[in-house]
Structures are given as C-alpha cells and as structure tokens.
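**Student:** okay, structure incoming, though there's no sequence with it:
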C-alpha cells in the first residue's frame, strides 16, 4: 500500500511537518479555494505541490501530491443544466494540467447537493474521544420539522417519525441551529452561509431527477472524461455516497456494489474506477467492503480505510465513526483482500500495483481535542488509525511472502 494523508492546504491545523512525523508516503489534497466548474491552472497546481514539498523552515519535506481529492463535479453537470457542457470541458482541462504535473489519481463524487451528511461533528464517546455521528432521529427531526421539506415525513418509518417529533419538541433554538449547520457542513466552505432556504432551493433543482436519470448523467460525464483520462494515464475513482442511502428526497447512485458495477460496465475503461471507502459503504448493513474489494478490486484506484458502528439493521440507520479496527467492517478481511489484489497486480506487471490508501477520518483524542482541525481529520486520531492499519498490512504481507517463499524453497530443494 502507498500510505497517504489528506491535507487541506496551508490553513489546515495539521501541518506538513505532522504528516512527515506520521511517516506517510504521499499526500491527498485539492484546490478547495477554486470555484467548482472553473479550471485548475498549472500555476495553482504547482503552488500546492510546492506547499507540500517544503516545510515551514524552508527545508524539503520529501512529500509529494499523489492523489487529488476532490476535483469537484458541479451541480450543473449532475443535473445537465446551465453551464454543464462548459464545466465538463473545464474538468477535462484541469485533468490535463494535473497529468502534466505528474498527478495520476483523481477522486471525485457524484452526490447531489451534499458531499457527506452528519448530525454531530464532535460526539463524545465514553472514553472522552470525539467523533462524527449520523443520528437518524435527529436527521428526521431536521428534515421534517426544521427544513420542513415537502414529503419528508413519508421518507421515514412510523417509529422514526414519532421519535423525531418528540426529539424536535425538546430542542432549543440553539439545538436546531447546530443540527442545521452540521447537516450542511458537507458543502465545503458553505456551513456558515447556507440558509434553510438555500437548501430548499438546491433540493428543488432535483425534483424531476430520478436515480436512473442521475445514473445516465454520470455515464454521460464519464463517457466524456474517462477516454481522456485513459489517454493521459490518469486514474479516475468515484467515492461512494455518504451515507449510502437516500436522504432529503435525493437520488443515490453509488451506494452498493451493484450500482458501482453498472457505472463501471457502462464505461468499461481501466481509467474509470473506484474509491473504495470502507466507512461510507460500511454504514449500510447489507454492504460488505471486503467482499466489494474482491469483486471490484481490479478497478479500485484509491481507498479510504475507516470504520463505523451501525445502530440498527435497516438500510437507513444511525451510525458513528468508530476506531479503525472496530465497527461494521471486518478491517482484517478487507486489508487481506487488498494485499491479495496488490500481489495479483504486481505479478501481472501493473504499474499501479501499490494502491494509495489513507486512514480516513479518526476520532479526536488527546491533544486533538481543542485543536479545531477539519471535522473528522485529527492528527493523533488518524495517526493511531494509520498505525493500526500498518500493523495489519505488515502481518498480511508477511503471510503472503511466506506462502510464496515456502513452495519456492521446496521446488529448489527438489531440483
């Protein structure tokens, strides 16, 4: 595995020096300050590369920008409205500039309106750690009573509706404001300025867009960009829906293995691939990330390894972000599947045999608490997760090497 770490740029309270001390091998970043739909210029890309390559004292860090996360797909592209054709051309031009700069992996998502959704960004655990949480009752209270979305009540089972009504009745104005802000935090940079009316307006744009229609729009997008990626030697990888079930009346098209397979088969090019996020996919009880890795491994270009604990057996449920080796996903089985896939690729002579992997999210522990890092991206919590994942990878690599070495030794002895 290629051990990577997400960095949000110079404003990130987790520094380049922190990444170096964590022992990562590559950096995952993006140009969040550039408006969605605009071209990423060579100058801006080079500046971010320089920011990663140089420490605060001016000495080289030894790190490089290896993975883009994310080159955003505009809402116009998803809806095929407005300037969507121009935005696709700009996306392709940005891809050319990234390829020229030596960056070969681009992660993106096709989630309507929100990149991810949580109701609590710092939920306290019994040991004092903080983590992100999606509380289904809180979310239903937001959707039905705070946002007051038409038809929202019909989106939830009777028991959830009743519990949401009781929860809402007990909320203070501060509670309502906090949940409304947390829900829209999945819009990068928008948490402080997106009003309830803004959210209603955004949702209204999708009133006539079904799951099948959105899938068609994604296939149209990939039919444009994937052939160019293939030509440039760039690997595109779509992040799954987070959470992987319908919210706010919006269509979900990347929540299951079957949905991924439909998109991969529709644009059957090696460049059209998967970001396998075990936390996003693992928030749904009928998803098994290890099995998905085995099924789609040939097209997995990037991985997020994290874990969630699900609080229920329904597809739509509450969950919280657990420690990396705890929760719904059997992380040992998933890492074993990754090691197996990497050995298969290496034996086949693939140059991309080492898959970029980052310890996604992490609980705020120790000095993380009070650091005010990007929610879900603490320094120590991620380092703990990375250390645990390193241990798993080392053990399975040793097992693979030993399994290969023993038959080879027997063959040599018999010869």
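**Tutor:** Arrived safely, thanks for sending. Computed from a predicted structure; not experimentally measured.
**Student:** all strands of the chain, in order?
**Tutor:** For the chain, applying DSSP state E gives strands covering 2-6, 26-29, 65-69, 105-108, 120-124, 130-134, 235-238, 272-277, 300-305, 307-311, 318-322, 356-359.
**Student:** save these as JSON lines, and put in distance to residue 95, mean neighbour count and mean pLDDT too.
**Tutor:** Using the backbone N, CA and C atoms, a C-beta is placed for each residue, glycine as well. Converted to JSON lines, these look like this (distance: least, CB to CB, whole Å; neighbours: other CB atoms under 10 Å; pLDDT from 0 to 100):
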{"stretch": "strand 2-6", "distance to residue 95": "19", "mean neighbour count": "23", "mean pLDDT": "97"}
{"stretch": "strand 26-29", "distance to residue 95": "16", "mean neighbour count": "22", "mean pLDDT": "97"}
{"stretch": "strand 65-69", "distance to residue 95": "9", "mean neighbour count": "24", "mean pLDDT": "97"}
{"stretch": "strand 105-108", "distance to residue 95": "7", "mean neighbour count": "24", "mean pLDDT": "98"}
{"stretch": "strand 120-124", "distance to residue 95": "32", "mean neighbour count": "16", "mean pLDDT": "96"}
{"stretch": "strand 130-134", "distance to residue 95": "31", "mean neighbour count": "24", "mean pLDDT": "97"}
{"stretch": "strand 235-238", "distance to residue 95": "8", "mean neighbour count": "25", "mean pLDDT": "98"}
{"stretch": "strand 272-277", "distance to residue 95": "13", "mean neighbour count": "26", "mean pLDDT": "98"}
{"stretch": "strand 300-305", "distance to residue 95": "14", "mean neighbour count": "25", "mean pLDDT": "98"}
{"stretch": "strand 307-311", "distance to residue 95": "32", "mean neighbour count": "20", "mean pLDDT": "97"}
{"stretch": "strand 318-322", "distance to residue 95": "31", "mean neighbour count": "22", "mean pLDDT": "98"}
{"stretch": "strand 356-359", "distance to residue 95": "17", "mean neighbour count": "25", "mean pLDDT": "97"}
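**Student:** can you lay out those as a markdown table showing distance to residue 214?
**Tutor:** Shown next, in a markdown table, are the strands of the chain (distance: least, CB to CB, whole Å):
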| stretch | distance to residue 214 |
| --- | --- |
| strand 2-6 | 26 |
| strand 26-29 | 26 |
| strand 65-69 | 21 |
| strand 105-108 | 15 |
| strand 120-124 | 27 |
| strand 130-134 | 22 |
| strand 235-238 | 13 |
| strand 272-277 | 17 |
| strand 300-305 | 22 |
| strand 307-311 | 25 |
| strand 318-322 | 24 |
| strand 356-359 | 27 |
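**Student:** closest one to residue 195 among those?
**Tutor:** Of all the strands of the chain, strand 120-124 sits nearest to residue 195, with 19.0 Å by CB to CB.
**Student:** tilt between that closest one and strand 130-134?
**Tutor:** Orientation of strand 120-124 against strand 130-134 (axes from the mean of the first three to the mean of the last three CA atoms, to 10 degrees) gives an angle of 130 degrees.
**Student:** partners of strand 120-124 in the sheet?
**Tutor:** strand 130-134 (antiparallel) (DSSP bridges).
**Student:** nearest to residue 329, out of the strands of the chain?
**Tutor:** Proximity to residue 329 (CB to CB) singles out strand 307-311 among the strands of the chain, at 5.1 Å.
**Student:** list the buried ones in stretch 141-149?
**Tutor:** The neighbour-count check on stretch 141-149 (16 or more other CB atoms under 10 Å) flags 141, 142, 143, 144, 145, 146, 147, 149 as buried.
**Student:** picking up where we left off before, closest to residue 36 out of the strands of the chain?
**Tutor:** Judged by CB to CB, the one of the strands of the chain that comes nearest to residue 36 is strand 105-108, at 11.0 Å.
**Student:** picking up where we left off before, of the buried residues of stretch 141-149, closest to residue 288?
**Tutor:** Closest approach to residue 288 among the buried residues of stretch 141-149 (CB to CB): residue 143, at 28.5 Å.
**Student:** give me the low-pLDDT residue ranges for the protein?
**Tutor:** Residues of the chain that meet the criterion pLDDT under 70 lie in 187-193, 402-415.
**Student:** how does it look with 80?
**Tutor:** Across the chain, residues meeting the criterion (pLDDT under 80) sit at 186-194, 400-415.
**Student:** pop the domain breakdown of it in here.
**Tutor:** 2-112+209-312+323-414, 120-203 (automatic domain parsing).
**Student:** among the ones you listed, show me which one is buried the most.
**Tutor:** domain 2-112+209-312+323-414 (a mean of 18; mean count of other CB atoms under 10 Å).
**Student:** the spatially most central residue of the chain and residue 211, how far apart?
**Tutor:** The centroid of the chain falls nearest to residue 239 when counting by CA atoms, centre = their mean (5.2 Å). Distance of residue 239 to residue 211, computed by CB to CB, to the nearest Å: 17 Å.
**Student:** can you check residue 245 too?
**Tutor:** Distance, residue 245 to residue 211, by CB to CB: 12 Å.
**Student:** shared neighbours of these two, anything?
**Tutor:** residue 252 (CB atoms under 8 Å, 6 or more residues apart in numbering).
**Student:** which residues does stretch 27-44 contact?
**Tutor:** 4-9, 19, 45, 48, 52, 63-72, 74-76, 83, 86-87, 90, 93-94, 97-98, 100-101, 107, 188-189, 356, 358.
**Student:** that one: end-to-end distance?
**Tutor:** This stretch, stretch 27-44, spans 16 Å end to end (CA to CA, to the nearest Å).
**Student:** and stretch 263-283, by the same measure?
**Tutor:** 21 Å.
**Student:** distance between it and the chain's centre?
**Tutor:** 11 Å (CA atoms, centre = their mean, to the nearest Å).
**Student:** so how far is residue 60 from the nearest residue to residue 14 once chain neighbours are set aside?
**Tutor:** Closest residue in space to residue 14, ignoring its immediate chain neighbours: residue 379 at 4.6 Å, by CB to CB, 6 or more residues apart in numbering. For residue 379, the distance to residue 60 equals 21 Å [CB to CB].
**Student:** all set, thanks.
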